[in-house]
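A.B. asks: Provide a 3D model corresponding to the input given below.
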Amino acid sequence: MAFKKFTQCYEYQRELHPSSRPFKKSDLLGVVVVHAILALTLWGSITLIGAIGGPVGLAIGAIVGFFTGIITGVATAIKHVSYQWHFHRLICLSREPKCAVGTVREEPKHSAWRDPEGGTAYGDFDNDEYFDVILMPHRPADNYDTLHEPPEPESGPTAAPPLYGTTGADTDISANPRNEIYLDNFQGQELLRPKPHLMEPDPDYGVGYINQNNDPKRKEIHTASTLHCEAEGDFWVRMNDMALWFGTLATVLVTATAAGASAGGWAGATAGCALGSWFFGPVGCLIGAVIGALLGALAGGAAAAALGKALFDAVLKAVFYATPGEVEDANVGDKALGPIRKGSRVAVLGEHVYDGFHQGWHELHPLMAVVKIEPDSIRRSGLLTWDPKFSEAKDDVFGLDQEAMLKGLESTEFAKKAAELRDAWCSMLHESFDAATRQTQQKLEHRWTIHPLVDGCEPVAGPGPDVG
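C.D. replies: Numbering: from 1, shown residues only. Now for the predicted structure:
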């Protein structure tokens with residue numbers, strides 16, 4: 001398998017606001033308005049040109065302009081969104097792919113086509129498959145709900161220590177502050193801690209981190225305390241390729257809606273005239289025809305529009321589910337990855353980006369490589385988790401004593417072992433993309449893909465790498 005990559009992150013330049021800000025969900029309305037104006041402008045322009053030829057030319061120009069305007073407006077709108085989605089949505093956070101190890105919070109899932117709460121279709125226009133990783137050595141309980149900058153000191157040079165969020169309710173982290181995810185001097189600080197240049201106070205710029213509590217009185221922002229990983233789907237690639245087709249379909253559906261309104265108006269006027277004349281004669285016929293025409297046009301247009309929308313939605317849904325992102329695509333091993341579930345231990349590699357469309361978190365996008373870490377394998381070791389309630393009665397953990405386990409990353413021995421485990425797995429993933437490794441793998445005596453100790457033949461003798 002090979003991972004799929006359709007998007008390209010870009011370098012964000014704060015001084016170029018607002019042109020440098022990422023494409024975001026609220027921009028979609030502006031895209032619709034601009035391209036609707038384009039459609040009307042083309043329609044009107046072609047109609048005026050046709051008027052030069054007299055009444056017949058005017059009619060032909062109006063018809064040609066109508067079709068040209070809608071097809072062009074819809075097609076160019078789709079292509080514009082596709083371009084922005086692929087090239088101006090994700091902000092680069094690093095030049096090279098980043099690797100991380102940790103525990104999966106929930107099993108991989110796709111964005112739902114229909115929002116179960118609001119009942120609106122189209123989801124987030126995103127058919128990627130994704131999952132979140134709790135970065136080693138942090139615990140599932142260390143999931144931040146809110147994030148805020150430390151308050152200014154009231155007096156004196158000593159400020160309160162930075163507080164970026166809340167950890168497990170049962171833990172006093174003040175004694176071992178290095179276990180705070182954004183201050184761990186390890187994976188959390190490197191991959192998840194918010195970037196100052198993306199913490200703009202003006203929401204119109206489209207950067208910053210989501211305010212989960214949505215409280216304007218508090219300067220709180222929200223960001224993920226887990227690493228979001230996405231395997232890309234090709235929804236907007238297909239939409240771009242089918243833009244002209246969708247424009248034509250939209251034109252047909254608009255025409256059908258107009259025809260439905262006309263037919264409904266005619267039928268309503270006929271029925272209204274007959275009913276009105278039965279009560280009030282010719283005057284009643286006129287009044288009934290006007291009222292009937294209006295009601296009939298509304299009913300006929302609404303019915304045709306509903307059928308057209310159902311057809312359009314069905315086509316979009318088919319495109320959405322045609323080839324969604326699959327985590328298995330990032331499997332660089334020779335064997336199937338197998339199900340990733342809540343609690344699975346994984347090593348992941350991908351491009352480190354800030355997702356500007358949703359406004360608010362860091363992620364690996366696309367997910368380039370993923371491997372499951374099986375703690376029960378004789379060739380592999382499990383991961384390390386900080387345990388502030390560690391007891392000496394428990395089994396030995398990588399040779400660390402009770403004090404090291406209680407202190408977590410505040411302990412030199414603990415931090416060193418965590419780094420060794422991370423580096424052992426990440427070196428394997430990085431090597432799988434190395435050109436020299438690729439050449440070596442072509443030789444008959446080498447049948448491994450990620451690393452000989454992961455998916456190669458069992459070594460005849462000798463221990464594997466020392467990862468604990």
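A.B. asks: mind listing the strands for the stretch 151-300 of the chain?
C.D. replies: 220-221, 227-231 (DSSP state E, counting those that start in this stretch).
A.B. asks: In a markdown table, list those strands along with mean neighbour count.
C.D. replies: Glycine gets a C-beta too; all of them are placed from N, C-alpha and C. Below are the strands of the stretch 151-300 of the chain laid out as a markdown table (neighbours: other C-beta atoms under 10 Å):
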| stretch | mean neighbour count |
| --- | --- |
| strand 220-221 | 20 |
| strand 227-231 | 25 |
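A.B. asks: Which of these sits closest to residue 109?
C.D. replies: Nearest to residue 109 among the strands of the stretch 151-300 of the chain is strand 227-231; the distance by C-beta to C-beta comes to 10.9 Å.
A.B. asks: Show me the helices in the stretch 1-150 of the chain, by range?
C.D. replies: Taking DSSP state H, counting those that start in this stretch to define them, one finds helices in the stretch 1-150 of the chain at 27-51, 54-87.
A.B. asks: for the stretch 251-400 of the chain, which spans come out with low pLDDT?
C.D. replies: For the stretch 251-400 of the chain, the stretches flagged by pLDDT under 70 are 359, 375-381, 392-396.
A.B. asks: my bad, the stretch 1-150 of the chain
C.D. replies: Applying pLDDT under 70 to the stretch 1-150 of the chain flags residues 1, 112-124, 143-150.
A.B. asks: Lowest average confidence across the strands of the stretch 151-300 of the chain, which one?
C.D. replies: Here these differ in mean pLDDT, and the lowest is strand 220-221 at a mean of 56.
A.B. asks: Excluding chain neighbours, give the residue nearest to the spatially most central residue of the chain in space.
C.D. replies: For the chain, the residue nearest the mean C-alpha position is residue 126 (6.1 Å; C-alpha atoms, centre = their mean). Take residue 126 and drop its neighbours on the chain: the residue closest to it by C-beta to C-beta, 6 or more residues apart in numbering is residue 111, 4.9 Å away.
A.B. asks: That neighbour and residue 351: what is the separation?
C.D. replies: 19 Å (C-beta to C-beta, to the nearest Å).
A.B. asks: ditto for residue 323
C.D. replies: 20 Å.
A.B. asks: quick one, which of those two is more surrounded?
C.D. replies: More crowded of residue 323 and residue 351, by other C-beta atoms under 10 Å: residue 351, with 22 against 14.
A.B. asks: Assign that one to helix, strand or coil.
C.D. replies: Secondary structure for residue 351, judged by DSSP: H, G, I helix; E, B strand; the rest coil, is strand.
A.B. asks: distance of it from residue 99?
C.D. replies: Distance, residue 351 to residue 99, by C-beta to C-beta: 11 Å.
A.B. asks: Next: residue 61.
C.D. replies: Distance from residue 61 to residue 99, by C-beta to C-beta: 61 Å.
A.B. asks: Kindly report the same for residue 63.
C.D. replies: Separation of residue 63 from residue 99 (C-beta to C-beta): 59 Å.
A.B. asks: Looking at those two, which one has more neighbours?
C.D. replies: Neighbour tally, residue 63 and residue 99, criterion other C-beta under 10 Å: the higher count belongs to residue 99, 23 against 15.
A.B. asks: and the nearest residue to that one once chain neighbours are set aside, how many neighbours?
C.D. replies: Excluding the flanking residues, the one nearest residue 99 by C-beta to C-beta, 6+ apart is residue 426, at 3.6 Å. When counting by other C-beta under 10 Å, one arrives at 19 neighbours for residue 426.
A.B. asks: Kindly report the same for the one 3 residues further on.
C.D. replies: The criterion is other C-beta under 10 Å. On that basis, residue 429 has 25 neighbouring residues.
A.B. asks: you'd agree it is up against residue 349?
C.D. replies: Yes. Using C-beta atoms under 8 Å, residue 429 is in contact with residue 349, at 4.3 Å.
A.B. asks: So for the two, which residues contact both of them?
C.D. replies: By C-beta atoms under 8 Å, 6 or more residues apart in numbering, residue 429 and residue 349 have these common neighbours: 99, 369.
A.B. asks: List the buried residues in stretch 289-306.
C.D. replies: Residues 289, 291, 292, 293, 295, 296, 297, 299, 300, 301, 304, 305 are the ones in stretch 289-306 that count as buried (16 or more other C-beta atoms under 10 Å).
A.B. asks: Among those, which one lies nearest to residue 15?
C.D. replies: residue 305 (46.0 Å).
A.B. asks: In contact with that closest one, which residues?
C.D. replies: So residue 305 contacts 253, 257, 260 (C-beta under 8 Å, 6+ apart).
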